[in-house]
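Visitor: Below: sequence and its predicted model.
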Amino acid sequence: MRRRVKVGLVVLSVVIVLPSLAIVAFFVGMTRFNPLPVADRELHLANRGSLIIDGKRSSRSEHGFSQRVGYRPPGSAEVEWFGEVSDGNEPQVHQTGPLLVVIDLPGAVLYVRAADGKWKSLALIFPNDLGPSFPFSFYADKNGLTMEDISRINELGGKRDLKYPTAYIRSFDPATRDLKCSYHVDNVSSWPLHLRLSEDGTRLALIGIGGVQ
């Protein structure tokens, strides 16, 4: 009888301990796992410069992983690292006059290089996108619009304390610097936005909403 009890206890211990050891081994293995390095991507541009996308995925957001992106001017060996683009999506690149415009569609971000080599990022985020505690001036600094333009856009969908806006870039015309977007509220209602990039690439202007200018 005692022998059976001992055998039963041994079997029970094995049943309990083995899965626990397997779980511990799994997490230890995950912490020591190093993904294989991915080669950088180089996109050759019409101006003979190159866009360099870092092979290492550096962060994670609602748009998935992102990768560092840089620009190598024609004839230069140096890379100007200026921002991040969404993993798995090739950025759009446009030359408009002296400006080089790089667009990350999933992130709804424009990176603009001026003639003096300085970069400016314009992210299409609007009030309540990051929570109700951020003032309009914060969004004006991020998206390059005036406080008046932001207030006008914020009225879409009605004024209320909490709403969830999302903006999408639809197209960019390098000839006119016109940016066509759509502004969505709570994934229920949407409005077309007509924006325009300034000549120096540092600001955006609201031209019209839903065809009304």
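Guide: Right, received. Where do you want to start?

Visitor: give me every residue that touches the closest residue to Ser190 other than its chain neighbours.
Guide: Nearest non-adjacent residue to Ser190, counting by C-beta to C-beta, 6 or more residues apart in numbering: His184, 4.4 Å away. Any C-beta I mention is one placed from the backbone N, CA and C, and that applies to glycine too. Applying C-beta atoms under 8 Å, 6 or more residues apart in numbering to His184 gives the contacts Pro165, Thr166, Ala167, Tyr168, Ser190.

Visitor: do Trp81 as well
Guide: Trp81 neighbours (C-beta under 8 Å, 6+ apart): Arg68, Val69, Gly70.

Visitor: Can you tell me which of those is closest to Lys142?
Guide: For the contacts of Trp81, the minimum distance to Lys142 (C-beta to C-beta) is 18.2 Å, reached by Val69.

Visitor: So the closest one belongs to a strand, correct?
Guide: Yes - counting by DSSP: H, G, I helix; E, B strand; the rest coil, Val69 falls inside a strand.

Visitor: So what sits opposite it in the bridge?
Guide: Ile53, Gly83 (DSSP bridges).

Visitor: isn't it right up against Ile53?
Guide: Yes - between Val69 and Ile53 there is a contact under C-beta atoms under 8 Å: 5.3 Å.

Visitor: and these two? which has more neighbours close in?
Guide: Per other C-beta atoms under 10 Å, whichever of Val69 and Ile53 has more neighbours is Val69, with 22 against 19.

Visitor: quick one: the more buried one and Asn128, what's the gap?
Guide: Per C-beta to C-beta, to the nearest Å, Val69 is found 28 Å from Asn128.
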